[in-house]
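Engineer: give me the fold of what follows.
(chains A, B, C and D, ligands or ions: 4)
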Amino acid sequence: MRTMPPESARSGARHKVAGGKTFGARAAAALRPGNAGVVYALVLIVAVLTLLSSQMGRPSYLSPTNVINILDQSSLVAILAVFTTVVLISGNFDLSIASVSAFGAAMALSLVGSLGLPLAMAVALAAGLVCGAVNGLIVQLVGINAFIVTLGTMTAVRGLVLILTDGRTITAKDPEAQRALIALQSGYWTVPHILAILGVAALVVGAAVALLARRTGGSPLKGAVIAAAGLVVAVLDPVLGFELRLSKPTYYLIVIAGVTWAVLRYTVIGRRLYAVGSNAEAARLSGINVNRYRIGAFVLNGLGSGFVGVLFAAKLLAINPTGLQGTELTVLAAAILGGTSLFGGFGSVLKSVVGALILFTLDNGFNVLNLGANYQGVIVGTVVIVAAAIYTIAGRQRQVRRVRDSGAAPQSPEESGVEPERQESLR
Amino acid sequence: MRTMPPESARSGARHKVAGGKTFGARAAAALRPGNAGVVYALVLIVAVLTLLSSQMGRPSYLSPTNVINILDQSSLVAILAVFTTVVLISGNFDLSIASVSAFGAAMALSLVGSLGLPLAMAVALAAGLVCGAVNGLIVQLVGINAFIVTLGTMTAVRGLVLILTDGRTITAKDPEAQRALIALQSGYWTVPHILAILGVAALVVGAAVALLARRTGGSPLKGAVIAAAGLVVAVLDPVLGFELRLSKPTYYLIVIAGVTWAVLRYTVIGRRLYAVGSNAEAARLSGINVNRYRIGAFVLNGLGSGFVGVLFAAKLLAINPTGLQGTELTVLAAAILGGTSLFGGFGSVLKSVVGALILFTLDNGFNVLNLGANYQGVIVGTVVIVAAAIYTIAGRQRQVRRVRDSGAAPQSPEESGVEPERQESLR
Amino acid sequence: MVDTPLLSLEGVGKSFPNGTVALRGARLTVLPGSVHGLVGANGAGKSTMIKIIAGAHAPTSGTVRWKGEEVVWRDPGAARKAGVATIMQHVPLAPTLTVLENVFLGAPGPWRLPRARRREFDRLLRRVHYEIDPDAEVADLAIGERQMVAILQALAIGANLVVMDEPTASLAEGERQVVFDVVRRLSAQGTAFLYVSHFLDEVLSLTDRVTVLRDGTVVEEGPTAAYDEDRLVQAIVGRDLLAAERRAPAPVAADAPVALAVRNLSSPAGVRDVSFEVRRGEVVGIAGLLGSGRSEILHAVYGADSRARGEVLVDGRPVRRGPRAAVAAGMALVPEDRNAQGIVGAFPIWKNISLPDLASLSSARALPREAAEAERAERAIRDLGIVCPGPEALVTELSGGNAQKVVFGKWLYGGARVFMLDEPTAGVDVGAKADILDLVRRFAAEGGAVLVVSSEFEEILAVATRVLVVREGRIVAERPAHETSEEELLMLANGFGGAHDAA
Amino acid sequence: GSGGDGATQAASEKKEYTIGVSNLGLSFPFPSAISKGIKDEAAKLGVKITELDAQGKADKQSNDVQDLIAQQPDGVLLLPVDSGVAQGLADKLKASNIPTVAVASQVGDPKTRQLKDVYPGLVALVTQDEPAAGGKAGEIAAQILPEGGKMAVVEGAAGFAEVVLRYQDFPKAAEAKGAKFEVVARQPGDWVQDKAQSACQNMLASNPDVKLFYAESDDMAVGCAKAVKSANSTAKIVGIGGSKLGVDAVTSGDIAGTVCFKPEDLGKLALDTLYKHLTGEQKQDAAFVTYDTPAITKDNVADCTPQW
Ligand SMILES: Nc1ncnc2c1ncn2[C@@H]1O[C@H](COP(=O)(O)OP(=O)(O)OP(=O)(O)O)[C@@H](O)[C@H]1O
Ligand SMILES: Nc1ncnc2c1ncn2[C@@H]1O[C@H](COP(=O)(O)OP(=O)(O)OP(=O)(O)O)[C@@H](O)[C@H]1O
Ligand SMILES: [Mg+2]
Ligand SMILES: [Mg+2]
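Structural biologist: Residues are numbered from 1 along each chain as shown, chains lettered A, B, ... in the order given. Ligands and ions are numbered 1, 2, ... in the order given. Sure thing, here's the model as predicted:
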């Protein structure tokens, strides 16, 4: 029984390269329960809630309004979960996010009247950044455990919020300021002809991939498939005519999660961050500045918390000294439900977002089903554990299955042997 | 520089050499800032508070009443910290303690009228035990991360409390039951002539140690020193005439912490628990049943939480559905301030108790100094970080010193075990 | 009774969840009181077999017999109780406990540290002629000392069969000898040993019988007396190996440009005023006893020890402190503790190999080109003969020697000019060792400068042009490789002789 | 109202109303008791209730209100977690044309808006008058300690509007009755018995001559009473809230007095107010509706049947 890395560890890349797995195989791998368990858990929960709500004669659970609402409600916590995932991947831990968000909100609200929104927002972001930097510097340079440091800053920053608000609710009184804040957060953007847009995008990307592959001598098949799919989707648009109508915070979430995911997945920064979290000493000896990456993760988290704080301020138009208290646990739960390891080196921001969606889907489900408050706690707790169990066990089974699949193809030593001629060509 | 275990991980034992360091040297090692940092932090905080309170013309901070109060106020959280330390040492993590305590309290209060205190208490303890067992079984046998499991049970058990209380405060109405509960928790026990008792105890222990040492051919010096100290203390008693007057929960704490410490320090259970937390694979290969120890730690923690719940019920004679919410973070902070590692294998229950004392001393200090509520958060947060920093840095200096020490006295080949004759026979 | 084997394995197979088949119908027979050698190339399945014997893995097929009876170990504790003590390859110890407690980790009895244990420990030390502080914390020990603790742990339980998986891989000569003595003495008293090693001379001199594994199956089995080194090598790698033996290179011309210059380097970790130079084309060996500070010197030179003070120049240009600057200046470090310092366990092979040189494998130095990375990984797998299912295999799933090759492979293609190798062949099989030493020579031949730390003086002499002897963090002697011998190096390392030529 | 049967019959003729309740936290006894009052009354009136629990979090309440709006109820009872945040929620409800009654806490920044100046757009604010209740507590204090003296305040958790509101009229009221109290200490008891007990213990240690503790909730007053007893102090304790614990303690003499809040009546009153508005029986706009919160001492403890 050797300690296995969490399933998520085995995501993405490993089925791709050298062996030259096909595009389809890669997609199939990404969809296995062991990899995408959290997604299946979400689907299951939504399915159960939809069934229940139709049985109880309530309005359709999957109505566009409700789906838009769930996305809107979870977006701020999901944004926090994205940044927290980055810190967790780097091998650290941050309990102070909710306090920092509240601090950012309090800053924004108390300054927006006098400075205007852009400046107030800048100050709030700067405040978040400073909090993150303080966390990072103390944890990395003094070398104290991140749990105790961020517990300390959580308390201290909450104290700052208290001082700033003087124990009362702060509101944005100035109507001008209020309007600016509302514009930042409230309302929906509609993207018409979403299918056409996605289709054309896929067409362009596919063509580019195919051309690149041909240039580097690879197979253009993958690009062609993408392009073809894009074409089909684009052609369907006039018929189906979907439009995408989401709240502004949902768009913020999509952009932030998308960019963060792409950076982690496709850039040197991402690769190094995972290396730092997985084995800091090996990363350091490979020439990676471990402190820079870890402190950077904290700073990003602080900045993100400040930003979410401003969004909260804009959403609630008020913040009281205890505002957002306890949100850090929800955020951590989202990240860990998404399969992020508490010990660093593993995690996916997209799955953390799904983790957040699970938690908010439950809350929303209770509201829609009008379930008695007394039973909600027991259900949430149980669902969280069961969701985690489902894909822990699914991941384990997948592994066993793989053995059966591939047990018959052993390598012979000749194949892997060191051939003298080849060695000459080293360096 | 090789990967270092966390500073705190380098405890007292390492300063002793094979020759067998003397009793005095061992005591000195235990008192070094790197080892006893949390104690020094407490002393510093108390000193500052004493100074401030005398400067502000308040009654002496170190008055017996106030000291008794601090001990009383921290005792329940400190008991929780003792058991949590056991779970942390075993390499796990438990967020559910506060919920389980509240559940135990609710059980005890709702049953004490009909069943009487002993039975109600048994039910509460059993409830705690079951919660702990559920945590342990899911974490160890299903293999889900302890953070997410205990976050789940924390929510679920809190839900049970809500169901049990139906959203209201439960009180013990029956006067008989009330009296029984009060007797369990309230009031003080006075031990007269504490110096005489301690002195005689030391004399007996010292004599026994000396005799044993002589029998086994060791030096009776250590025993003689203990016995002599005991004699001096005992003789001083009639002059000083101290008596020990502490609240009942303080005695419970002393007994629980003392027994737990002794078990961890002196029995094979302790060694195995540390081994399991330090390297589960190594423990398993040595034939230790890892699951048993880890589940056992959870069960103990559940049982302890149930017990503390009963004490809370007895203290408050009422519990409401949100009672004790958030206490888990205070408890974890106490344990980690006490130097317990979040990664398992390292920690001392006594230091966790001191960690709890630090937190409650601060609260008490604010009350005594009448510091405005708005500023308390910032100060608590800062003090927690500074306290952790003090002994992290102290620990590091100790290390550097150690290298210099050893550098000054290089080993000669004779000492290093390779004798010249033997060298001849080397390949 | 003498006829019943103590332990026998029949038709044992083992496949891992990732699809690797490590053993196929393997058999093994250990007679009571004998010393049985188990050899094979990296990834042949030796450790897997040993884990099955120790009860740490369950075999997928086949039977295990202990004292004639078929057994299924429920867990390692059951094997221990029955009398099988195992020293695993990746020394599993509890780092936060003391040496004494680790040695008696599984010991029964109600008390944690009875006095009797201390005396028992002293007796044990005396019996094996070894010295170690019983109250030192294992986390503070160097890797070699930890290996000794693991050995003591296995000896302490007084087993019928002691299984040793590469016990000497990270030991220096002195300790190695301690282990040999113990094996000889205890086997004379009736304890059987199963001994895995890549040092064939050890196997030849120590064992009574030997089993050769190749690719998960037993290819040969017989009395050791029937083998000599060449035949054993042939059996292990399945081909003739070009002489890996001593080929002491000639000293480099004195006017070759200095690639690495170290001046007055000291560190609190135990490096004391070290100065030396390495010229292009030179391979400089660093010899010393366990814990003499060799690794610390490499770390100080590399800048990995931030407390080190002194000057380091590469090609005449000073290098800023820190591994980042060192890598940028063309230095490469292969650390001795590959699991803690060398590999990123969560990464597949290809991501490990590209890690130090990732930027240059990336478009615009920011977007890694995975195809190029994979290509490099495949090249390393070919060049170094890494036994693995493919570049996507996680390094934690590799056998010890193959993981070491991955660490080596990290630095091969990135244009490093100064190589610092700390025990580069620890746990590497004979074939691969020859390949690695060849590589080292070629670095030098192509104008690189190499610094090699090795506990095997023989290996140092085989590859180095010059040897520095380290003792207590100082360079106490310097010898051209072709003018010295293992014996002399050992004397110098122990502080005898050579007072006239302090560095 | 009319009898149960009549109500059901009436309901079948009339429209069956669905009313959404956004409760600030059903695991807190006070709002939970309000909820009970609402539900009991709803059963009588034949009104369907959809009740959402904000669990004490302002941001969750904002989500809950969004979910309520999606369900288009006929009216909403809003028990604000936070007065400032509630302002935005009230605006949203108004924009969706859902008649809303605020319950138990005011809507709008309490710093700038008087309690009785009800936020425009609401049908009504139904609550107890917190400052006035604080004043009543002051009167009790003056009654039991006519000569005044040193006093300590056990505050609620920092950041709650009630911390200020329940104290604000206390000194004035006491002074009006001729007792002058000097505040020597003010420490948070975080609304819970345990912390209040510690706070009182510690304040007594530094101010042994305190004559009066004013605890901003009954739970805290009861905790404080234990501290006073164990320190053998003669200090008197005045609480506020009229909870079961508090009234019991007044009966037993542990605390000198409290102010009787009636959350179940409050819930009933709130629902009635909204219901009458919906049926057109009594249309209201930004009305301030309150009920009597009498001062309770041992003499008139029978007048207060605790509802939470
Ligand atoms: N936990 C594991 N999961 C998957 N594959 C494994 C695991 N452990 C070992 N293997 C594979 O099994 C094969 C045999 O490994 P093993 O460790 O037994 O080799 P070995 O003979 O001990 O080699 P070395 O000399 O390098 O230690 C290797 O191909 C290795 O990659
Ligand atoms: N992290 C550490 N903390 C304290 N002492 C250490 C640490 N690492 C090494 N030492 C000590 O520093 C000295 C030099 O160790 P070093 O590892 O450099 O020796 P070495 O010659 O490389 O031996 P080895 O063969 O074990 O690698 C030893 O006495 C060792 O115990
Ligand atoms: Mg091996
Ligand atoms: Mg070394």
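Engineer: do you have the strands of the chain handy? List them.
Structural biologist: Going with chain A. Using DSSP state E, the strands found in chain A span residues A:170-171, A:188-191, A:244-247, A:318-319.
Engineer: meant chain D actually
Structural biologist: Under DSSP E, chain D gives strands at D:18-23, D:48-53, D:75-78, D:100-103, D:124-126, D:149-155, D:181-188, D:212-215, D:236-238, D:257-259, D:287-289, D:295-297.
Engineer: what ranges in the chain fall below the confidence cut-off?
Structural biologist: Defaulting to chain A. Residues of chain A meeting the criterion pLDDT under 70: A:1-34, A:213-219, A:239-242, A:394-427.
Engineer: wrong one, I was asking about chain D
Structural biologist: D:1-14.
Engineer: who wins for proximity to C:Arg209 among the strands of chain A?
Structural biologist: For the strands of chain A, the distance to C:Arg209 is smallest for strand A:244-247, at 73.2 Å, taking C-beta to C-beta. Where C-beta positions appear, they are placed from N, C-alpha and C, glycine not excepted.
Engineer: can you tell if the closest one touches chain D?
Structural biologist: No: on the criterion C-beta under 8 Å from any C-beta of the partner chain, strand A:244-247 is out of touch with chain D, staying 9.6 Å away.
Engineer: how many residues are close by whichever residue of the stretch 51-200 of chain A sits closest to ligand 2?
Structural biologist: Here the stretch 51-200 of chain A gets closest to ligand 2 at one residue, A:Gly143, 14.1 Å apart by C-beta to the nearest ligand atom. A:Gly143 sits with 17 neighbouring residues when counted by other C-beta atoms under 10 Å in any protein chain shown.
Engineer: can you name the residue of chain A nearest ligand 4?
Structural biologist: Ranking the residues of chain A by distance to ligand 4 (C-beta to the ion) places A:Leu285 first, at 13.9 Å.
Engineer: right, and that residue touches C:Pro335 too?
Structural biologist: Yes: counting by C-beta atoms under 8 Å, C:Pro335 is a contact partner of A:Leu285 at 5.8 Å.
Engineer: neighbour-wise, which of the two wins?
Structural biologist: A:Leu285 (27 against 24).
Engineer: for the residue of chain A closest to ligand 4, give its distance to C:Ala432.
Structural biologist: Separation of A:Leu285 from C:Ala432 (C-beta to C-beta, to the nearest Å) stands at 22 Å.
Engineer: list the contacts of the residue of chain A closest to ligand 4.
Structural biologist: C:Tyr302, C:Ala304, C:Pro323, C:Leu333, C:Pro335, C:Gln341, C:Gly342 (C-beta atoms under 8 Å, 6 or more residues apart in numbering or on different chains).
Engineer: list residues touching both of A:Leu285 and C:Pro335?
Structural biologist: Shared contacts of A:Leu285 and C:Pro335, counting by C-beta under 8 Å, 6+ apart, come down to C:Gln341, C:Gly342.
Engineer: before we move on, the earlier item: format the strands of chain A as a markdown table; extra columns: mean neighbour count and distance to chain B.
Structural biologist: A markdown table is the format used below for the strands of chain A (neighbours: other C-beta atoms under 10 Å in any protein chain shown; distance: least, C-beta to the nearest C-beta, whole Å):
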| stretch | mean neighbour count | distance to chain B |
| --- | --- | --- |
| strand A:170-171 | 27 | 14 |
| strand A:188-191 | 12 | 32 |
| strand A:244-247 | 18 | 27 |
| strand A:318-319 | 30 | 15 |
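Engineer: quick one: those as CSV, columns for distance to A:Leu49 too.
Structural biologist: Shown next, in CSV, are those (distance: least, C-beta to C-beta, whole Å):
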stretch, distance to A:Leu49
strand A:170-171, 35
strand A:188-191, 23
strand A:244-247, 20
strand A:318-319, 31
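Engineer: what's the PyMOL syntax to select whichever of the contacts of A:Leu285 are buried?
Structural biologist: A single PyMOL command is used to select the members of the contacts of A:Leu285 judged buried by 16 or more other C-beta atoms under 10 Å in any protein chain shown:
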select buried, chain C and resi 302+304+323+333+335+341+342
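Engineer: any chance of the contacts of A:Leu285 in CSV, plus distance to ligand 1, secondary structure and pLDDT?
Structural biologist: Listed next are the contacts of A:Leu285 as CSV, based on distance: C-beta to the nearest ligand atom, whole Å; DSSP: H, G, I helix; E, B strand; the rest coil; pLDDT from 0 to 100:
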residue, distance to ligand 1, secondary structure, pLDDT
C:Tyr302, 26, helix, 93
C:Ala304, 26, coil, 90
C:Pro323, 27, helix, 90
C:Leu333, 21, strand, 93
C:Pro335, 17, coil, 90
C:Gln341, 18, helix, 88
C:Gly342, 14, helix, 88
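Engineer: quick one: which of the contacts of A:Leu285 is nearest chain B?
Structural biologist: Of all those, C:Ala304 has the smallest distance to chain B: 5.6 Å, by C-beta to the nearest C-beta.
Engineer: from B:Glu243, how far off is the residue of the stretch 101-250 of chain C found nearest ligand 4?
Structural biologist: Proximity to ligand 4, evaluated over the stretch 101-250 of chain C using C-beta to the ion, is greatest for C:Ala142 at 6.1 Å. Taking C-beta to C-beta as the measure, C:Ala142 falls 54 Å from B:Glu243.
Engineer: between these two, which is the more surrounded one?
Structural biologist: Neighbours per residue (other C-beta under 10 Å) separate C:Ala142 from B:Glu243, with C:Ala142 holding more: 19 against 11.
Engineer: quick one: name whatever helix or strand follows the helix or strand harbouring C:Asn402.
Structural biologist: Using DSSP states H and E, C:Asn402 maps to helix C:400-409. Sequence order places strand C:418-422 as the next helix or strand after helix C:400-409, per DSSP H and E.
Engineer: contact partners for the residue in the stretch 51-200 of chain A that chain C sits nearest to?
Structural biologist: When distances are taken as C-beta to the nearest C-beta, the stretch 51-200 of chain A reaches nearest to chain C at A:Ile89, 10.1 Å away. Contacts for A:Ile89 were tallied using C-beta under 8 Å, 6+ apart; they are A:Leu264, A:Leu273, A:Tyr274, A:Gly277, A:Ala297, A:Thr340, A:Gly344, A:Gly345, A:Phe346, A:Gly347.
Engineer: state the distance from the residue lying closest to the residue of the stretch 51-200 of chain A closest to ligand 2 once chain neighbours are set aside to B:Val384.
Structural biologist: Of all residues not flanking A:Gly143 in the chain, B:Thr392 sits nearest, at 5.8 Å (C-beta to C-beta, 6 or more residues apart in numbering or on different chains). Look at B:Thr392 and B:Val384: by C-beta to C-beta, they are 13 Å apart.
Engineer: if you count what's nearby, which of these two comes out ahead?
Structural biologist: Remark: of B:Thr392 and B:Val384, B:Val384 carries more neighbours, 27 against 21, as counted by other C-beta under 10 Å.
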